[in-house]
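Chemist: here's my sequence, what's the structure:
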Amino acid sequence: MPPTSEVPPRAAARRAPAHRKPRRPSPALARTGFGVTTAALTSVVLLAPQAGADPGAARPSVEDVQRKVDSLYREAGTATQKYNAAKERTDEQRAQANGLIDALASSTEDLNHSREDLARYAAAQYRDASGGFAGTATMLLADDPQSFFDQKYVLDRLAADQHTKVREFRDQQAATARKRTEAQESLNQLTAAQQDLRTSKTEVQGKLTQARELLTRLTAEEKARLAELERRKEAEARKKAEEAAARQKKAEAERAAAAEAAKKESATADSATGTDTSTGTNAGAGTSAGTGASGGTGTASGSYTAKAEKAIAFARAQMGKPYVWGATGPGSYDCSGLTQAAWKAAGIDLPRTTWDQVEAGTRVSIDDAVPGDLVFFYDDISHVGLYIGNGEMIHAPKPGASVRVESIYYMPLYGVVRPA
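Modeler: As a prediction, this is how the structure comes out:
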């Protein structure tokens, strides 16, 4: 019997007719499904922010933000000095590498010339050995035996010259090998310095990015509050500078009065004894230099005062120019770039970084500071300014600020150095 295509009755009953529409879910089921989906989405939205944050963490206060931003700026300042040091090493290493490469090229050229000379000697020796007579035969067949000896003397001299050339060639070959090794080592050091430079740059940029992100999150009201806190900090620093200047001026006046009293007492004693010591030393003249404008009690030579005035005049001319990390002018500066450029205008070459500048002069106490001295800040010596007297300095403060006059008490003092 041929196979049939009939479908069993049960299968036909289970198969849906082609003309029947698909069954819709009941309204109750639809409502239930929608409710479940909505609840699930709501849970995700509510839980998502909490997944990456501490549930007990509160929004930082403006004071906390100020402390954090100040800390980041300070860390960026330290990283900037690392960058400056790395850049200086890179520049020096590049110059050294270029010099060694030039020397290697010159030595290689000399070596090639020596090699050519040796090749000519070898060719001449080969011709003489292959086409000439033996020495004894040449002497016997010569018309003039004396000419033979003369020729032999010349040949012996040429042989000696050849030995000299060979020795010089070997010496040049060894020297060239040494220069090649030195050049390679210098290039390796340059590569390492460039890596340090990139690392320091990345560190600075990372700190500044964090600070900007913190400031960006502040509301307008919080930014106004932050600005007010900054004004208070500056006002407190100015007050400290004014108080210090007043104390220094008072101490200076007391010393001047004591010196004048001693002078009068000495004159009275001289008149009583009939002696005249008017040509003696003036007790008050020794400390006159540098105290009037500085508000300090320090002394400085006339030449230092003249140079300091030039440095300060240069720094004043830069006021209003922006702070840019790693900059040395003329359009922008970082802190050590400004002090370096200011003293360069006075004819004094300072190192690039704060860490080197603090070693580039004589340490003096803050009470003995005079205009032109370098004032350093923080335990890590990551900031420097140019002292102008009365407890004030000109400095390039931080990112977002410009070169300006500020109290030396705005930051923790480290020390004072007189650079010339």
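Chemist: so residue 416: helix, strand or coil?
Modeler: Put simply, residue 416 is strand when judged by DSSP: H, G, I helix; E, B strand; the rest coil.
Chemist: just give me the neighbour total for it.
Modeler: Other residues lying near residue 416 total 24 when counted by other Cβ atoms under 10 Å. Using the backbone N, CA and C atoms, a C-beta is placed for each residue, glycine as well.
Chemist: which residues does it form beta bridges with?
Modeler: residue 364, residue 375 (DSSP bridges).
Chemist: isn't it up against residue 361?
Modeler: No - Residue 416 is not in contact with residue 361 according to Cβ atoms under 8 Å; the separation is 9.3 Å.
Chemist: anything in contact with each of the two?
Modeler: Residues touching both residue 416 and residue 361 (Cβ atoms under 8 Å, 6 or more residues apart in numbering) are residue 374.
Chemist: where do the strands of the stretch 201-350 of the chain begin and end?
Modeler: Counting by DSSP state E, counting those that start in this stretch, one finds no strands in the stretch 201-350 of the chain.
Chemist: where does it dip in pLDDT?
Modeler: Within the stretch 201-350 of the chain, the set of residues satisfying pLDDT under 70 comprises 274-299.
Chemist: how are the helices of it distributed by residue range?
Modeler: Assigned by DSSP state H, counting those that start in this stretch, the stretch 201-350 of the chain shows helices spanning 220-273, 291-294, 302-317, 335-345.
Chemist: ok, now the stretch 51-200 of the chain?
Modeler: Taking DSSP H, counting those that start in this stretch as the criterion, the stretch 51-200 of the chain carries its helices at 62-131, 135-141, 145-216.
Chemist: tell me the most buried of these?
Modeler: helix 62-131 (a mean of 16; mean count of other Cβ atoms under 10 Å).
Chemist: mean confidence for it?
Modeler: Mean pLDDT, helix 62-131: 79.
Chemist: again, but for stretch 395-409
Modeler: Mean per-residue pLDDT for stretch 395-409: 95.
Chemist: that stretch: which residues count as buried?
Modeler: Buried residues in stretch 395-409, counted by 16 or more other Cβ atoms under 10 Å: 395-399, 403, 406-409.
Chemist: just the ones of those residues in helices?
Modeler: With helices identified by DSSP state H, none of the entries of those belong to them.
Chemist: now those residues in a markdown table, with distance to residue 306?
Modeler: Converted to a markdown table, the buried residues of stretch 395-409 look like this (distance: Cβ to Cβ, whole Å):
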| residue | distance to residue 306 |
| --- | --- |
| 395 | 22 |
| 396 | 24 |
| 397 | 28 |
| 398 | 32 |
| 399 | 34 |
| 403 | 23 |
| 406 | 25 |
| 407 | 26 |
| 408 | 23 |
| 409 | 28 |
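Chemist: quick one: which two of those residues are the most distant?
Modeler: Within the buried residues of stretch 395-409, 399 and 409 form the most distant pair, 21.6 Å apart (Cβ to Cβ).
Chemist: of the helices of the stretch 201-350 of the chain, flag the one that's most buried.
Modeler: helix 335-345 (a mean of 24).
Chemist: what's that one in contact with?
Modeler: With Cβ under 8 Å, 6+ apart, helix 335-345 has contacts from 77, 81, 84, 307, 310-315, 318, 323, 326-330, 333, 349-354, 357, 374, 383-386, 394-397, 403, 419-420.
Chemist: switch the cut-off to 7 Å
Modeler: With Cβ atoms under 7 Å, 6 or more residues apart in numbering as the test, helix 335-345 has contacts from 81, 84, 310-311, 314-315, 318, 327-329, 333, 350, 352-354, 357, 374, 383-386, 395-396, 403, 419.
Chemist: please enumerate residues in contact with the helix or strand following that helix?
Modeler: The helix or strand immediately downstream of helix 335-345 is helix 354-357, counting by DSSP states H and E. Contacts to helix 354-357, defined as Cβ under 7 Å, 6+ apart, come from residues 81, 335-336, 339, 350-351, 374, 376, 381-384.
Chemist: as JSON lines, these with distance to residue 228 would be great.
Modeler: What follows is the contacts of helix 354-357, written out as JSON lines (distance: Cβ to Cβ, whole Å):
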{"residue": "81", "distance to residue 228": "31"}
{"residue": "335", "distance to residue 228": "25"}
{"residue": "336", "distance to residue 228": "31"}
{"residue": "339", "distance to residue 228": "31"}
{"residue": "350", "distance to residue 228": "37"}
{"residue": "351", "distance to residue 228": "39"}
{"residue": "374", "distance to residue 228": "32"}
{"residue": "376", "distance to residue 228": "29"}
{"residue": "381", "distance to residue 228": "30"}
{"residue": "382", "distance to residue 228": "27"}
{"residue": "383", "distance to residue 228": "24"}
{"residue": "384", "distance to residue 228": "28"}
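Chemist: for residue 120, state which of the residues you listed is nearest.
Modeler: Using Cβ to Cβ, residue 351 is the member of the contacts of helix 354-357 that sits closest to residue 120, with 53.9 Å.
Chemist: next, that closest one: phi, psi?
Modeler: Phi and psi for residue 351, reported as degrees, to the nearest 10, are phi -60, psi 170.
Chemist: ok, now residue 334?
Modeler: According to degrees, to the nearest 10, residue 334 has phi -100, psi -180.
Chemist: burial count for it?
Modeler: Residue 334 has 30 neighbours, counted by other Cβ under 10 Å.
Chemist: wait, doesn't it sit right on residue 322?
Modeler: No - using Cβ atoms under 7 Å, residue 334 makes no contact with residue 322, being 10.2 Å away.
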